[in-house]
Each structure stands twice: as C-alpha cells, then as structure tokens.
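**Q** Prediction below, plus the sequence it came from.
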Amino acid sequence: MAKVFIYPVNSLILADLVERFGHKPLAVMNQVREKVTNISLDSPPVNITPEDPKVGLRYAAVEVPAGVRGRMSLIGPLIEDAEAAIIVEAPPVNFGCVGCNRTNELMRYLVRSKDIPILELRYPDSEENAPEFVYKIKAFLESLPREEEK
Amino acid sequence: MTDVKQEEITKVIVISSDKVLPVDAAMKIYESEFPVTVKETCFGLIVTGPTEDVLMVTEEIRKLDKNHIFVKDRGFPAGDERRCRASRGGGPRPGFHFLREEVRMLPAIGDALDELEAKGPVKESPTKKDKLKVSELERIIEAELAR
C-alpha cells in the first residue's frame, strides 16, 4: 500500500479511487481533523497554532505571504510522506482554502521535485473523457508497489 | 464546540446510484449495531465514530452499489457547530462547492468503473492521442520524398 498524494488535496473522486484501488490517499482532510479535534482550532488553515508558521517556513521563505505558509504547514508534511502522486490539472473549482494559486504552484513544484512516480492528467471536462481519466488512474495505481502495511 | 474523542474519524459517503438512496444507506446503518453518528444529507451521508466502526460501516455501505458510492475523509465531525449550517445562519458550508462540482462528474466515473469491471484488466484507450515521435515524422517525410 503506497501513500499517494492527491491534487486537488480535498478531491472526493481522487481520494475514493486511490482507496478503491488499494492505496492510501494523502488528503488534507486528515490534517484538518487533527487540528480541529485535538487542538480545537475553528477553521484551519485560516486559524493556526504558533507552531504552524515554523512548519510552513520549511517550505516557503518568510517573505512569502503568510497564507501560503499556513497552508503549507498542513500540506507540506503530506508531500514529505508521499510515495506517489496524482496531479489533476485544471480542476473545476479551486477557491476558498484550496484556492491559493501560489500555494498550489509551490505544492506541485515540491511534488515534481521529489523522486516519486507522478501521474499528471487533466480533469475530465466532459463525460466522454471520464473513462480515460479512470483508466489512467487505475493503471497508475496498479503499477505502484503494494508493500505490506507497516 | 463538539467534544470528539481522539480516535474518532468522519467519512463523507456520496451516493450517486440509481438503486440506492441516502435514506436506504442510513437505514442500513441504523439497523446495524455500530456505535456511529449518522447525518443524512442531500448528497449522501456523513458518518462519525470510532475508526474501526466507521471503516466497517463505509465498507458495508459501499457494497450496496460499489461503483456508484464514493467515500472520502472529512475533517470536521457530523453536526459540528463550526460547520453546521444551523448554527452558522445558513448558506453553503465550506467545501460544499467543490463537492457539488465533483458530484456532477460521479455518474460518468461510476459508469467508467462499471466498464472497467466488465472488461477486466486495464487496456489502452483506443482514442488515446500521443505526440508524433521525431523518428516517426522522419519516416513519413522520407516515405513522401521517395514517391
């Protein structure tokens, strides 16, 4: 079971397909859960702890807008854990907490600069393209090593 | 704020099936004896509870129509005051817009999964278009010039 980073980080379709084909999706929802249940933050990454900017500084310099560092404090550790990645270009909706384009660029850059298998494809803009989208994801996920869970 | 135990997780179950309605899935969970909290929504269910129970419940629900029921994790528990529309004065909750966009694509994704299941192993799509390789282009040019 490989840990697969997905972009968009909160995608239902990607998270489901990764889990369906036997791997672990690294989605931002799990990071959010830890913050809202253990530390009782109201709305991460809008609310952050004093430790979060330090985590964010590992990925973005201090001159970079605080929002990027706040978001990277959630997403950066996921990229570090990733053993594979699926990046979907041009998703239909990208706003709110996942709508920061600078964060998304940085995120994709960090993933691409890691030496891991990456699948990059476009979001299906019509129903005709959906089968190919699913086939490619399945083929990619089946090509990943299925190690025993530690 | 809702108190949640550390080991509890929440899953969003999105139902895009012709055979199963959210209420059917909810009834199945009520009939089972899993100690989970279920919230029925317009797109499916939100299930909160101990990790093992939630995983078993989602597997059971998925079996109802496995290619047309989709599951993802959720950060906030079901009915959490920080996200629940009842306490936020209405309006779509954060994250709803993205979910709505993806829900539109789910019937096509479900059909593709059905097709995959029927066909078996993944094959290259016949409509796949690749870039023309340089060697191939050279071969075509040479063939044209040789006429």
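**A** Yes, it's here. This structure is a prediction, so every number in the text was calculated from the model and none was measured.
**Q** What residue in chain B comes nearest to chain A?
**A** B:Gly75 (3.0 Å; CB to the nearest CB). Bear in mind the C-beta positions are built from the backbone N, C-alpha and C, glycine included.
**Q** I'd say that residue and A:Asn30 touch.
**A** Yes - using CB atoms under 8 Å, B:Gly75 is in contact with A:Asn30, at 7.5 Å.
**Q** Contacts only, for the residue of chain B closest to chain A.
**A** Listed by CB atoms under 8 Å, 6 or more residues apart in numbering or on different chains, the contact set of B:Gly75 reads A:28-33, A:35-36, A:44, B:10.
**Q** Serialize those residues to JSON lines and add fields for secondary structure, distance to B:Ile69 and pLDDT.
**A** Compiled in JSON lines, these are given as follows (DSSP: H, G, I helix; E, B strand; the rest coil; distance: CB to CB, whole Å; pLDDT from 0 to 100):
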{"residue": "A:Val28", "secondary structure": "helix", "distance to B:Ile69": "22", "pLDDT": "87"}
{"residue": "A:Met29", "secondary structure": "helix", "distance to B:Ile69": "18", "pLDDT": "86"}
{"residue": "A:Asn30", "secondary structure": "helix", "distance to B:Ile69": "21", "pLDDT": "84"}
{"residue": "A:Gln31", "secondary structure": "helix", "distance to B:Ile69": "25", "pLDDT": "84"}
{"residue": "A:Val32", "secondary structure": "helix", "distance to B:Ile69": "23", "pLDDT": "85"}
{"residue": "A:Arg33", "secondary structure": "helix", "distance to B:Ile69": "22", "pLDDT": "84"}
{"residue": "A:Lys35", "secondary structure": "helix", "distance to B:Ile69": "28", "pLDDT": "82"}
{"residue": "A:Val36", "secondary structure": "helix", "distance to B:Ile69": "26", "pLDDT": "83"}
{"residue": "A:Pro44", "secondary structure": "coil", "distance to B:Ile69": "28", "pLDDT": "72"}
{"residue": "B:Thr10", "secondary structure": "strand", "distance to B:Ile69": "17", "pLDDT": "93"}
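**Q** Quickly check those residues for the two that are furthest apart.
**A** Spanning the widest gap among the contacts of B:Gly75 are A:Pro44 and B:Thr10, at 15.0 Å by CB to CB.
**Q** What segments of the chain are helices?
**A** Assuming you mean chain A. Secondary structure of chain A (DSSP state H): helices at A:12-20, A:28-34, A:52-56, A:66-81, A:101-113, A:130-143.
**Q** try chain B instead
**A** Using DSSP H, the helices found in chain B span residues B:22-31, B:51-64, B:85-88, B:96-119, B:134-145.
**Q** average model confidence for the last one?
**A** Spelled out, it's helix B:134-145. For helix B:134-145, mean pLDDT rounds to 87.
**Q** I would like the residues contacting the worst-scoring helix or strand of chain B on mean pLDDT, please.
**A** Sorting the helices and strands of chain B by mean pLDDT, DSSP states H and E puts helix B:85-88 at the bottom, at a mean of 78. Contacts of helix B:85-88 with the rest of the structure, by CB under 8 Å, 6+ apart, involve B:81, B:91-93.
**Q** So for it, what gets flagged as buried?
**A** Within helix B:85-88, no residue is scored as buried using 16 or more other CB atoms under 10 Å in any protein chain shown.
**Q** same check, this time on stretch B:96-108
**A** By neighbour count with 16+ other CB under 10 Å, stretch B:96-108 contains the buried residues B:96, B:98-99, B:102-103, B:105-106, B:108.
**Q** Now do the contacts for the nearest residue to A:Arg122 once chain neighbours are set aside.
**A** Closest residue to A:Arg122 apart from its sequence neighbours, by CB to CB, 6 or more residues apart in numbering or on different chains: A:Glu89 at 5.1 Å. Shown in contact with A:Glu89 (CB under 8 Å, 6+ apart): A:120-123.
**Q** Out of the residues you listed, the closest to chain B would be?
**A** Using CB to the nearest CB, A:Tyr123 comes nearest to chain B of these, at 8.3 Å.
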